[in-house]
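**Q** fold the following, please.
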Amino acid sequence: MTASTAKRATLQPDMSWVLEPLLVLPGVLHGLVLSADGMVQGTSPDLSREAGEGASAMMSALQGAARTLGATFSGDLDTQVRQVVVETSNGFVFAVPAGDNTVLAVFAAHSVDMGVVTHHMQIQVNTLGRKVMTTKPRDAGPAADAAARAVASDGPTSGTA
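**A** Just a heads-up that it's a prediction; the model follows:
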């Protein structure tokens, strides 16, 4: 692994910006953006690193358990999780998949308007999708540049959104 490759491998884009509109909603206390494998991609400013990493790992496991539970009950192995809501004695955890490999999660007080929070989470999921799909990676290297040029010259393929 070259120094350039190592640098690219360790740089994770900070997606904390996607949480900002959610953190101003009444009752929302913390937020987290994580990869499907439990890696932190962004957190609310007042969430400690340890809490973010722990919540990210647990949320990844919870998403997997929810997917397996849904598939078991429905008999459909292609079941997709659309939302997970956990109510605790301290508040609610809301988690929404944001693409194939990202999950958006927030923790909110019991006083929160659940409909408002989940609606705004969906808005942010759409915003995140648009941003990721239209933003060129900062240091993707020559291979990624060549792949991007090839896709641009071919145009969109059928079956993609």
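
**Q** could you pull out the buried residues of whichever strand or helix holds Leu34?
**A** Under the criterion of DSSP states H and E, Leu34 resides in strand 28-35. For strand 28-35, the neighbour count (16 or more other C-beta atoms under 10 Å) marks 28-34 as buried. (Each C-beta comes from the backbone N, C-alpha and C, glycine too.)

**Q** that strand pairs with which strands, and in what direction?
**A** Partners of strand 28-35 in the sheet, by DSSP bridges, are strand 40-43 (antiparallel), strand 102-108 (antiparallel).

**Q** rounded mean pLDDT for the last one, please.
**A** Summarised as a single mean, pLDDT over strand 102-108 is 95.

**Q** remind me which residues of this structure are low pLDDT?
**A** Across the chain, the ranges flagged by pLDDT under 70 are 1-13, 131-161.

**Q** tell me the helices and strands packed up against the lengthiest helix in it.
**A** With DSSP state H applied, the helix covering the greatest number of residues in the chain is identified as helix 49-74. Judged by 3 or more C-beta pairs under 8 Å, 6 or more residues apart in numbering; DSSP states H and E, helix 49-74 is in contact with strand 28-35, strand 40-43, strand 84-87, strand 92-97, strand 102-108.
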